[in-house]
Each structure stands twice: as C-alpha cells, then as structure tokens.
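K.L.:
task: produce atomic coordinates for the following.
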Amino acid sequence: MSRIFLLSSNVAYDPYPVYPLGMAAVAAALVAAGHDVCQFDHLAEGSSEDKLRDSVRAFAPDVVGLSLRNIDDVDSFSGEAGWCLDIARRLVRVLREGTQSPIMVGGPAFSLMPEEILEYIEADYGVVGEGEQVACNLVEALSFGRPREKFHRAQNLLSGSEIPSPLMNNAIASFYAGASGMLGLQTKRGCPHGCEYCAYPRLEGPACRCREAGAVANDLARMRRDYGVTNFFFADAVFNDEGGHYLELAEAICQESLNIQWCAFFRPKGLGRKEITLLKRSGLYAAELGTDAVTDMTLNGLRKGYSFSDVLKVTKAFQESQVPCAHYVIFGGPGETEDTVSEGFENIDRLGSCVIFAFSGIRILPGTEIHIRALGEGLLPENPSLLRPVYYFSPTIDRQTMNEAVERAFHGFRTRIFPPSEGRNRLAVLHDFGFRGILWDKLTSPRSATRKRAPREC
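P.N.:
Purely as a prediction, here's the structure:
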C-alpha cells in the first residue's frame with residue numbers, strides 16, 4: 001500500500017479557526033483502504049514552510065494530497081487580501097522541494113473551478129467532488145504509474161451510512177480545541193434548496209444524505225473523551241432538514257447524556273418552540289441563520305423559498321427560548337433597490353435582539369443561477385474568469401450609496417456588523433479576553449439592539 005501525505009492549506013482564522021474535516025474524512029477512507037497516512041495542517045503548524053518541507057521530506061510519501069477549503073473570503077471589501085490561491089500555489093512549490101511524488105488536489109474550493117485552479121497552482125492531479133472514494137481510486141492508479149487523466153471525478157455520491165467518521169489527528173485537534181474551544185462535525189451532506197448564489201447542491205448533491213444519528217452521537221462522545229471538548233459546531237449546509245434527521249440527532253444526544261453544547265447553521269423556516277425546546281435540551285446554545293435577505297422582494301430574488309414573516313417567526317421562537325441567534329444578510333442582491341434597502345433596515349429593527357452580519361454584493365461562482373443572471377443582465381463578459389473574486393450587485397442600486405447607507409444604519413449597534421472586517425475586529429477582542437467558541441453570542445444583551453436612530457438615507 002502507499003504512503004499518503006495530506007495537507008490542509010487553509011490558514012483563515014476568521015471568525016474562528018475551523019478543523020479541516022474534509023482532510024479528516026479522506027484520511028479515514030485512505031486508512032480504511034490500507035494506506036499509511038500523515039495529516040499536516042498548515043495553520044496548526046504556524047504556517048511554517050520550513051516545517052512543511054521538513055515533514056514531507058521525512059515522511060517520504062508516494063502521493064501528496066492538498067485540500068483547498070476556500071478560494072477567497074467572499075467579502076467584496078477584501079480585494080486581493082481575501083484571495084487564497086496564491087498561498088496554495090506557494091505550498092505546492094514548497095512540497096516540490098520536499099518530494100518528487102505526484103500532488104493531487106481536492107476540496108470544495110477546488111471542485112468549483114478545477115481546471116483553472118489546477119493550472120494556477122501547478123499541481124498534478126485533481127479530485128473533483130466528494131473525495132473519499134475518488135482519492136482512494138487515484139492513489140491506486142498512481143501505484144501502477146501516472147495516469148493520463150488529470151481530473152478524477154466522483155461518479156456516485158456516498159450514502160449517509162457510507163460517509164465516514166472523520167479520522168482526526170490528535171495534535172491538530174488539540175490545536176483547534178485550544179484555539180477556538182470547539183470542534184466541528186458533519187451530520188449530513190447535500191442541500192435541496194436552490195438558492196440563487198449557492199454552490200452546495202452542486203458540491204454535495206441536491207438531496208440530504210444523513211448519517212445515522214447514533215453514529216454521530218458516538219463521534220461526539222469520542223471527541224469529547226479524546227480531546228476534552230464539550231463545544232461543537234455542526235458543519236452541515238443546513239442543519240434543520242425537512243426530513244427531521246436533526247431532531248433524531250437531538251434525541252440521540254439526549255439519550256446518551258453527552259452533556260455538550262453546540263451551534264449550527266439553520267434555515268429560518270419551519271422551526272418553532274417545540275423543536276427548539278428539544279434542540280436546547282440536547283445542548284443548543286446559539287443559532288446561526290442563513291437568512292440572506294430581509295425583504296420579500298430580495299428573498300424572492302435569491303429564491304430563498306420563504307418570506308420575511310417566516311424569518312420573524314423563527315427568530316421570535318429562538319428568542320422566546322432564550323437561544324441567541326445571528327442572521328447573515330446580503331445587501332445588493334437581485335431585486336435590491338433604494339426602497340428595499342430602507343425597508344430592510346426597518347425589518348432588521350423588527351428582529352429585535354440578535355446579531356446581524358451584513359455583506360455587500362454576492363460572490364459569483366460558476367454554474368450558479370447568479371452567474372447566469374449576471375451574464376443575462378450584461379454584468380459580465382461572455383467567458384469571464386471567476387478565479388479571482390467577481391461580485392454581483394443589482395443594476396438598480398448604486399453600490400457606494402448602498403454601502404454608506406448600511407454603515408449609517410448600523411452605526412452605534414454592537415450587534416449589527418458591517419463591513420465584515422468590523423466583525424473580525426470585534427470577535428478578535430473577545431478572543432484576546434480569553435473567550436472561546438463562536439464568540440458573537442457574547443455580543444447580545446437587552447441593550448444591544450436599541451439606540452436612538454438618526455434619519456436614514458439611501
């Protein structure tokens with residue numbers, strides 16, 4: 001069997017460092033296939049190129065696997081500073097200094113634009129889509145010589161029972177447990193919601209593939225035992241699936257008396273006091289909501305499949321259950337006008353005491369509906385390269401005027417954050433004071449959501 005050196009290239013620390021679950025899942029599949037695997041996390045190792053070079057040289061791998069989590073930080077204010085592929089290209093060159101073995105690249109970022117990314121970072125082979133089985137097949141093919149095909153694509157998605165438990169590295173897990181106070185775990189893959197901008201259905205499939213609730217509970221118990229962690233983030237695209245798997249998981253956590261705390265990413269529809277009571281009993285302490293827009297016009301423009309009244313109902317249910325919640329909101333999407341911006345500010349007031357993370361514009365990813373829309377509206381050239389960040393802004397809004405209006409409307413609110421860098425600054429202060437976890441829940445208080453407001457303009 002082969003020796004495989006796996007490298008997680010992600011060095012993002014915002015809003016908190018995130019364990020490389022994709023690398024851990026591929027590692028589990030490779031080990032199950034009989035291979036000897038070394039996992040190396042660039043962030044956990046202090047982003048040291050010397051350590052990377054020395055480690056790959058010492059391990060002497062037959063194949064190297066590079067995991068790409070992000071292309072950029074999807075913040076229209078970041079510019080080149082938020083772009084990640086220069087780091088990846090540099091890491092490939094460092095790997096070449098330590099080994100002559102072939103380098104395969106995978107991960108969600110890579111699967112979005114495999115041809116362009118492989119050429120840019122100058123690696124050898126690409127794993128496109130769900131990586132566990134494809135990586136094993138490619139490693140086997142490489143053991144018989146270098147195959148001609150550069151790209152190896154997942155043909156069939158794993159079923160829920162086939163999704164492996166992540167094989168976590170002790171040193172890497174200890175780093176993330178210490179840095180953020182929590183670890184992540186995926187309970188399902190796939191997303192059936194066709195939001196205009198989102199690539200999740202393309203990356204993970206258009207239907208939920210749920211892991212067995214007992215298996216997830218066992219993972220949580222093991223991670224708590226091995227790493228002393230009681231705080232978790234469920235890294236599903238959407239936690240509250242319509243089939244109710246998330247409630248089965250909550251029941252399993254309660255039955256096992258795991259005594260953990262957890263947070264997840266929710267869709268603001270179909271959740272009431274009954275469901276939240278069970279989730280809270282299982283350890284839910286805060287909820288992140290992918291609301292994305294705060295008027296019916298802009299929600300329809302993004303094809304979210306719910307109304308602002310749904311958002312209000314779910315928010316009220318969390319608040320009545322005393323669970324802090326945060327909404328992620330995008331200004332400037334399809335259908336945005338001066339009137340919807342102003343209406344959005346009024347609707348945010350109606351949400352009460354919760355955290356609002358606001359973004360300006362939508363990162364255009366290839367193959368998404370927003371990509372097709374931008375082409376149809378003449379906002380992009382015919383064959384644009386989207387490797388570097390390109391953002392959609394409604395042609396019925398002036399970007400600068402809108403951004404200034406959001407800054408004015410959010411000024412003076414501790415719980416309303418714009419631009420995104422402001423959130424990073426606030427959370428960094430909390431981190432420096434010794435707080436760990438998602439951190440934004442520390443911003444909420446009865447006084448946070450109210451102040452005397454100056455007149456708005458847009």
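K.L.:
give me the below-cutoff pLDDT ranges for the chain.
P.N.:
Applying pLDDT under 70 to the chain flags residues 445-458.
K.L.:
what's the longest strand in it?
P.N.:
Assignment by DSSP state E gives strand 284-292 as the longest strand of the chain.
K.L.:
could you spell out the sheet neighbours of that strand, each with its direction?
P.N.:
Strand 284-292 pairs in its sheet with strand 261-266 (parallel), strand 325-331 (parallel), by DSSP bridges.
K.L.:
and of those, who's closest to Glu369?
P.N.:
Closest of the strands paired with strand 284-292 to Glu369 is strand 325-331, at 14.3 Å (criterion: Cβ to Cβ). In short, each C-beta sits where N, CA and C put it, glycine included.
K.L.:
beyond that closest one, next helix or strand please.
P.N.:
helix 338-351 (DSSP states H and E).
K.L.:
that following helix versus strand 284-292: what angle between them?
P.N.:
170 degrees (axes from the mean of the first three to the mean of the last three Cα atoms, to 10 degrees).
K.L.:
just name the most buried of the strands paired with strand 284-292.
P.N.:
strand 325-331 (a mean of 24; mean count of other Cβ atoms under 10 Å).
K.L.:
now do whichever helix or strand comes after the longest strand of the chain: distance to the chain's middle.
P.N.:
Using DSSP H and E, the helix or strand that follows strand 284-292 in sequence is helix 296-301. On the basis of Cα atoms, centre = their mean, to the nearest Å, helix 296-301 sits 23 Å off its chain's mean C-alpha point.
K.L.:
packing partners for helix 296-301?
P.N.:
Counting contacts by 3 or more Cβ pairs under 8 Å, 6 or more residues apart in numbering; DSSP states H and E, helix 296-301 is packed against helix 338-351.
K.L.:
in the helix it packs on, which residues are buried?
P.N.:
Across helix 338-351, burial judged by 16 or more other Cβ atoms under 10 Å covers Thr340, Val341, Ser342, Glu343, Gly344, Phe345, Asn347, Ile348, Leu351.
K.L.:
C-alpha coordinates for it, CSV please?
P.N.:
C-alpha atoms of helix 338-351 as CSV (Å, rounded to 0.1, in the frame of the first residue of the first chain):
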residue,chain,number,x,y,z
GLU,A,338,-33.1,52.1,-2.6
ASP,A,339,-36.6,51.2,-1.3
THR,A,340,-35.7,47.6,-0.4
VAL,A,341,-32.6,48.8,1.4
SER,A,342,-34.6,51.2,3.5
GLU,A,343,-37.3,48.5,4.1
GLY,A,344,-34.6,46.1,5.1
PHE,A,345,-33.4,48.4,7.8
GLU,A,346,-36.9,48.6,9.2
ASN,A,347,-37.3,44.8,9.1
ILE,A,348,-33.9,44.4,10.9
ASP,A,349,-35.4,46.6,13.7
ARG,A,350,-38.3,44.2,13.9
LEU,A,351,-35.9,41.2,14.5
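K.L.:
residues in contact with Leu112?
P.N.:
When contacts are counted by Cβ atoms under 8 Å, 6 or more residues apart in numbering, Leu112 touches Ile71, Ala199, Arg202, Leu203, Leu365, Pro366.
K.L.:
would you agree the last one falls within a strand?
P.N.:
It stands for Pro366. No. Going by DSSP: H, G, I helix; E, B strand; the rest coil, the assignment for Pro366 is coil, not a strand.
K.L.:
which other helices and strands contact the helix or strand hosting Glu115?
P.N.:
For Glu115, the host element (DSSP H and E) is helix 114-121. Helix 114-121 sits against helix 85-98, strand 103-106, helix 108-112, strand 125-128, strand 151-153, with contacts defined as 3+ Cβ pairs under 8 Å, 6+ apart.
K.L.:
and Phe266, which of those is closest to it?
P.N.:
Of all the helices and strands packed on helix 114-121, helix 108-112 sits nearest to Phe266, with 20.3 Å by Cβ to Cβ.
K.L.:
distance to Glu407 for the buried residues of helix 338-351 - can I get that in TSV?
P.N.:
Shown next, in TSV, are these (distance: Cβ to Cβ, whole Å):
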residue	distance to Glu407
Thr340	17
Val341	12
Ser342	14
Glu343	18
Gly344	14
Phe345	12
Asn347	18
Ile348	14
Leu351	19
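K.L.:
where do the helices sit along the stretch 1-150 of the chain?
P.N.:
With DSSP state H, counting those that start in this stretch as the criterion, the stretch 1-150 of the chain has helices at 21-32, 49-59, 85-98, 108-112, 114-121, 131-143.
K.L.:
let's have those in CSV, adding distance to Asp432.
P.N.:
Shown next, in CSV, are these (distance: least, Cβ to Cβ, whole Å):
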stretch, distance to Asp432
helix 21-32, 27
helix 49-59, 26
helix 85-98, 25
helix 108-112, 29
helix 114-121, 34
helix 131-143, 36
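K.L.:
please name the residues that touch Leu271.
P.N.:
Residues near Leu271 by Cβ under 8 Å, 6+ apart: Asn240, Val314, Ala317, Phe318.
K.L.:
ditto for Leu30
P.N.:
Contacts of Leu30 (Cβ under 8 Å, 6+ apart): Ile4, Leu6, Val37, Ala135, Cys136, Val139.
K.L.:
just to revisit the earlier point, which residues does the helix holding Glu115 contact?
P.N.:
66, 68, 71, 85, 88-89, 92, 105, 109-110, 125-126, 128, 150-151, 385, 387.
K.L.:
and if you look at stretch 127-139?
P.N.:
Contacts of stretch 127-139 (Cβ under 8 Å, 6+ apart): 2, 4, 22, 25-26, 28-30, 33, 35, 62-63, 65, 104-107, 110-111, 114, 125, 147, 151-154, 156-158, 164, 189, 203-204.
K.L.:
and Ser257, which of the helices of the stretch 1-150 of the chain is closest to it?
P.N.:
Closest among these, using Cβ to Cβ: helix 21-32, at 25.0 Å.
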